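>>> below are the sequence and a predicted model; questions follow.
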Amino acid sequence: MNLIYLLVTLTFLYLSVLYRSTSLCALFLLLLLCLLLGTLQLCMSVRHLSFVFPETILNTPGKKTASFSVKAVNTGILPVHRTKAVLKITDIHGKTAAFYPLEFSVSGKESVFIPVTVSSDLCGRFRCRLTKFRIYSSFSFLSVRKKANFSAPVLFYPEASPIPVSVSEYTRYFPAESADSQNVFFWAPHTPMEQVREFSPGDRLRQIHWKLSARSDEILVRDSGKPDGCGVLFFLQLTVPSGKNPALSYSRFLECAASLSFALTEQRCSHYVIWYDSKDEKLVRCPVRTEEDWTVCLYFLLHAPFYREEKDLQDLYQKMYPSDTWCTSLLLSTGMTLMKNSLDPLLLPLETWQQTLAGYALTV
């Protein structure tokens, strides 16, 4: 449109000179004035138009869509008459999974919220990106394209599928212990009785009971006793998904992990969900005892980074928690293999992993 408008303006200039026509000259001046005003408006719009994305776009388990709003802010005095943009949804490898066209206008010194609804047949962590947009002048005679770098993570929660899991009497009544509850990713359950004792070297400042300490002549701390452990360790090997469709592999891995953890929760089997955080270079463990714990664990799992080479998760766990006790360990990898107590792994096909697990009759 810009090139056509410029050619039309030059054509009127040429005809007005050729035929010495006052009307054509006036029309040329009008087109030239519109060109200058449109250029000024576009320059102001490019400079003063910005976008605000939400920090994270979430959906709840079982839903296939997620709705949010992108805020377009115009800090200039001139209005932005028309803007076109394209939102792209990319997977963990940066490949485009879907795109959504947007079109809006913003008055001067105002902002507008643009509603967007994204959908996916897969679960997992995606990214919503806005890499460029095009601004049009009045009557859409002129336009300019500007690069942008706005993005936000999109989390599609996996839905738990029914999986038959049996809990042995040995596992259910196993006296699991955990010596270090401070390294649990979020909260760690403690024994219900809380006692108060004198301060000793090694106690943390947050254990100090300030009110009782103020009433006495010594520093008193809260002692919650020895924290309870979990008899089942559920390790997740977060290597980068491979194959023809890595997004599908990642989705099935999350569905399988969520289903196994939820099945254990339904059986009232407390367990740790454990993975390696390649960013902080340490293990992360989440205690799952209730459905609320399960949902929180999924949230942090969807944010977990991937790594290239497999990690010896059980060896790292023993080094990090040498005094912990447990009776059963499970290891699920993104390659859809499930291993129990370091025995031969069970291969779970992407399309029939539920049927395969149902026939396996898993007992912890």
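Good, I have the coordinates. Residues are numbered from 1 along each chain as shown.
>>> the domain parsing of the protein - what is it?
Annotated domains of the chain cover 48-156, 165-187+227-363, 194-225 [automatic domain parsing].
>>> need the least confident one among the ones you listed, by mean pLDDT.
Lowest mean pLDDT of the domains of the chain: domain 194-225, a mean of 71.
>>> just to revisit the earlier point, now the domains of the chain as a markdown table including distance to L27 and mean neighbour count?
Every residue, glycine included, has its C-beta placed from N, CA and C. Formatted as a markdown table, the domains of the chain follow (distance: least, C-beta to C-beta, whole Å; neighbours: other C-beta atoms under 10 Å):
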| stretch | distance to L27 | mean neighbour count |
| --- | --- | --- |
| domain 48-156 | 14 | 16 |
| domain 165-187+227-363 | 56 | 17 |
| domain 194-225 | 78 | 12 |
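>>> now render those as a markdown table, adding distance to R20.
Formatted as a markdown table, the domains of the chain follow (distance: least, C-beta to C-beta, whole Å):
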| stretch | distance to R20 |
| --- | --- |
| domain 48-156 | 27 |
| domain 165-187+227-363 | 67 |
| domain 194-225 | 89 |
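>>> out of those domains, which gets nearest to S23?
Closest approach to S23 among the domains of the chain is made by domain 48-156 (20.5 Å; C-beta to C-beta).
>>> now find how far off-centre that closest one is within its chain.
Distance of domain 48-156 from its chain centroid, counting by C-alpha atoms, centre = their mean, to the nearest Å, is 17 Å.
>>> pull up the distance across that domain, start to finish.
This stretch, domain 48-156, spans 33 Å end to end (C-alpha to C-alpha, to the nearest Å).
>>> swap in stretch 71-79?
16 Å.
>>> contacts for it?
Applying C-beta atoms under 8 Å, 6 or more residues apart in numbering, the contact partners of stretch 71-79 are 40-41, 44-45, 47-52, 80, 83, 104-114.
>>> ditto for stretch 329-341
Applying C-beta under 8 Å, 6+ apart, the contact partners of stretch 329-341 are 232-242, 249-250, 252-253, 256-257, 260, 306, 310, 313-314, 328, 342, 345-350, 353, 357, 360, 362, 364.
>>> so which of the residues you listed belong to strands?
232-237, 328, 346-347, 362 (DSSP state E).
>>> may I have the beta-bridge partners of S333?
Applying DSSP bridges to S333 gives these bridge partners: Q237.
>>> again with the one 4 residues further on
Each beta-bridge partner of T337 is listed here, defined by DSSP bridges: L347.
>>> what about it, distance to S259?
For T337, the distance to S259 equals 16 Å [C-beta to C-beta, to the nearest Å].
>>> same check on Y170?
Distance, Y170 to S259, by C-beta to C-beta: 23 Å.
>>> could you do T83 as well?
T83 is 43 Å from S259, by C-beta to C-beta.
>>> the nearest residue to T265 once chain neighbours are set aside: what's it in contact with?
Nearest residue to T265, sequence neighbours excluded (C-beta to C-beta, 6 or more residues apart in numbering): W294, at 5.4 Å. W294 makes contacts with 258, 261-262, 265, 288, as judged by C-beta under 8 Å, 6+ apart.
>>> need the residues you listed in TSV (columns: distance to K63).
Shown next, in TSV, are these (distance: C-beta to C-beta, whole Å):
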residue	distance to K63
A258	14
S261	19
F262	17
T265	21
V288	22
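>>> which one of the residues you listed is nearest A214?
V288 (38.5 Å).
>>> bridged to the closest one, which residues?
On the basis of DSSP bridges, V288 is bridged to H271.
>>> with T90 instead?
For T90, the beta-bridge partners under DSSP bridges are T96, R127.
>>> the stretch 151-300 of the chain: helices as residue ranges?
Applying DSSP state H, counting those that start in this stretch to the stretch 151-300 of the chain gives helices spanning 169-172, 210-215, 246-266, 291-302.
>>> can you pull the phi/psi pair for V112?
With angles defined as degrees, to the nearest 10, V112 sits at phi -140, psi 140.
>>> and it, how close does it get to V296?
For V112, the distance to V296 - C-beta to C-beta - is 35 Å.
>>> same deal with H81?
Here H81 is placed at a distance of 46 Å from V296 (C-beta to C-beta).
>>> ok, the residue lying closest to S161 once chain neighbours are set aside - contacts?
Nearest non-adjacent residue to S161, counting by C-beta to C-beta, 6+ apart: S259, 4.5 Å away. Going by C-beta under 8 Å, 6+ apart, S259 touches 158, 160-163, 354, 357.
>>> ok, back up a step: and of the ones in strands among the contacts of stretch 329-341, the nearest to S151?
L236 (25.5 Å).
>>> wait, doesn't the closest one sit right on A258?
No - using C-beta atoms under 8 Å, L236 is not in contact with A258, being 10.7 Å away.
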